[in-house]
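Enquirer: Okay, structure incoming, though there's no sequence with it:
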């Protein structure tokens, strides 16, 4: 779905799931999501939306809207192309990651 | 870049005037203020650090901090969308709930 874009690959434990994080460089909850993922030690990839060219940003947002039927908000973590978490609520993320492991 | 201490002065001034408080999570507060400062530097005004935007003072007037949606969000969800301003007396547990984005979708860039 987003294979053609340059994600930052963060190495770690392979959960067997594809985890792609979309964030804004200015967003406090995005930073919390990044900290959560890094502290978990799992592998994920990451793209900072507001640091992309406008056309690329628009493309990505358009793909997300087409796939999931809603506009992209931040942070968004797409899980295996089928599911996603939006916003960072620690308990929600902890529960979701327990299901993934 | 406007220093974080100046940003905190700005935030405290707004919160005092509106009867709000600043987020009690010190790390989160620091991140949010840093984000606001970055937006001030790159766009010239205090654009909400948690929203996609045009980066345009006119098109993004509603999400210039404090945003047009903050009052209702704080009333309903104890915090504004980005988490900078919170209801007075809020503790961490009160704030760990999702805040839906009230901004109409048609105001966002494609």
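Expert: Structure's in. What do you need? Because the structure is predicted, anything quoted here is derived from the model rather than measured.
Enquirer: what are the ranges of the strands in chain B?
Expert: Assigned by DSSP state E, chain B shows strands spanning B:21-22, B:85-86.
Enquirer: Output the ones you listed as a markdown table; include the columns mean neighbour count and mean pLDDT.
Expert: (Each C-beta comes from the backbone N, C-alpha and C, glycine too.) Shown next, in a markdown table, are these (neighbours: other C-beta atoms under 10 Å in any protein chain shown; pLDDT from 0 to 100):
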| stretch | mean neighbour count | mean pLDDT |
| --- | --- | --- |
| strand B:21-22 | 18 | 97 |
| strand B:85-86 | 26 | 98 |
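Enquirer: so which of these gets nearest residue A:42?
Expert: Set against residue A:42 and scored by C-beta to C-beta, those come closest in strand B:85-86, at 30.6 Å.
Enquirer: Tell me if the closest one is near chain A.
Expert: No: if you take C-beta under 8 Å from any C-beta of the partner chain as the test, strand B:85-86 misses chain A, and the best it gets is 12.3 Å.
Enquirer: and that strand, how far from the chain's centre?
Expert: Distance of strand B:85-86 from its chain centroid, counting by C-alpha atoms, centre = their mean, to the nearest Å, is 8 Å.
Enquirer: Does the closest residue to chain B within chain A belong to a helix, a strand or coil?
Expert: Scanning chain A for the residue nearest chain B gives residue A:26, at 3.1 Å (criterion: C-beta to the nearest C-beta). Taken by DSSP: H, G, I helix; E, B strand; the rest coil, the conformation at residue A:26 corresponds to coil.
Enquirer: Name the nearest residue to it, sequence neighbours excluded.
Expert: Sequence neighbours aside, residue B:35 is the residue nearest to residue A:26 in space, at 3.1 Å (criterion: C-beta to C-beta, 6 or more residues apart in numbering or on different chains).
Enquirer: Need the pLDDT of the one you found.
Expert: We have a pLDDT of 96 for residue B:35.
Enquirer: Could you report the neighbour count for it?
Expert: Residues within reach of residue B:35, counting by other C-beta atoms under 10 Å in any protein chain shown, total 25.
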